[in-house]
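Requesting a structural model of the entry that follows:
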Amino acid sequence: IRDSSTSRGLGDVYKRQHGGGRAVAGCPTGGDNVGQATLIIPRSPGRSGRRRRHRSGPRRTPRTTTKGTRMTDTTTNRHAGALTGQFTSGFAVAMGIGRFVYTPILPLMATALALQPSSTSWIAAANYVGYLLGALLLSRRPAWVTTGLLRVSLVLVVVTLAAMPWSEGVVWFCVVRLISGLASAFVFVCLSHAAIDIGRRGGNPGLAYGGVGAGICLSGLLVLILGTVGWEGTWYASAVLAAVLTVPAWALRLDSHDATSPSDDASADEDQPQDPQAERVRTRSRRALLVTYFLEGAGYIIIGTYL
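So this is what the prediction gives:
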């Protein structure tokens, strides 16, 4: 804007003070044209002749996933995988090998020792009696479900597998398999108590109990590969396999809340109002479960032992 009393425009002064600028097309920035308006657009400081570009649209939000978070997720997944592997190994030792390796070795023993079917049946029955006694004992003494019992039982399973070839008498076989069944039951019950909340701890219950089937498969493959070394060698090899799988299972620690005593359960039930109808339904359901599970065991045990 020009002052009539001066020959210089105020726009010229502004232009010099702000490092130059550019005039709108057709508008002069100097001269004697009094009263003529000139619009000066200043250049932005530090960016000579360059116009600032403004992006339209919403701003980009910064990513919340950081390297530390990714590392934490990876560590959690690894811990969950390791926990599942420990349970899987324990179930494989107790059931898949400790209990069911007798089935594929039985034909080798019967051929080499001329065992009668009645003798092999007593050997198998001794193992099942030990398993039943162990399960019943811990059902009455849940406070015994501890990390120490789990580890001692794992060692007993390995030792009884290796002890089978130490004698060729049927009585010896029955005693060893009885102790093996007792130890297998202890391991299975301890792991089952701890596996109740394995999902909360990040593990996979399905894969954990899949250790039973994995152990049976490994037992069959072991005898198939080493069957030529004789029945003694296959028992020793099964003991070595069980010892190897005991290593990861050894790291399991049972929490104090994994085992609850019957008195605690009873006191908890007393604090809650009792519904007679609901209690009768629960009682009938428990009895039906016991009967059906008994029939399932009676149906599969002969096939599982001799076929």
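
which strands and helices sit next to the helix or strand harbouring residue 295?
Using DSSP states H and E, residue 295 maps to helix 276-306. Applying 3 or more Cβ pairs under 8 Å, 6 or more residues apart in numbering; DSSP states H and E, one finds that helix 276-306 contacts helix 102-113. The C-beta positions use only the backbone N, C-alpha and C, and glycine is treated the same way.

circling back: in the helix holding residue 295, what's buried?
Neighbour-count burial for helix 276-306 flags residue 305 (criterion: 16 or more other Cβ atoms under 10 Å).

Now do it against helix 102-113: the angle between them, please.
Orientation of helix 276-306 against helix 102-113 (axes from the mean of the first three to the mean of the last three Cα atoms, to 10 degrees) gives an angle of 30 degrees.

which SSE is residue 189 in?
Assessed by DSSP H and E, residue 189 sits inside helix 170-194.

orientation of that helix relative to helix 102-113 in degrees?
Interaxial angle of helix 170-194 relative to helix 102-113 (the same axes, to 10 degrees): 170 degrees.

Please point out which parts of helix 170-194 sit buried.
Here helix 170-194 shows 170, 173-194 as buried, counting by 16+ other Cβ under 10 Å.

Same check on stretch 242-257?
So for stretch 242-257, counting by 16+ other Cβ under 10 Å, buried means 242-243, 245-246, 248-250, 252, 254.

so where is the stretch 51-200 of the chain shaky, pLDDT-wise?
Across the stretch 51-200 of the chain, the ranges flagged by pLDDT under 70 are 51-77.

err, the stretch 201-307 of the chain, not the other one
Residues of the stretch 201-307 of the chain meeting the criterion pLDDT under 70: 201-202, 255-274, 307.

The same query, at a cut-off of 90, please.
Along the stretch 201-307 of the chain, the model assigns pLDDT under 90 to residues 201-209, 227-228, 251-284, 286, 290, 293-307.

how about residue 146, phi and psi?
Main-chain torsions, residue 146, degrees, to the nearest 10: phi -130, psi 170.

these two touch, right, residue 185 and residue 135?
Yes: at 4.7 Å, residue 185 and residue 135 qualify as touching, with contact defined as Cβ atoms under 8 Å.
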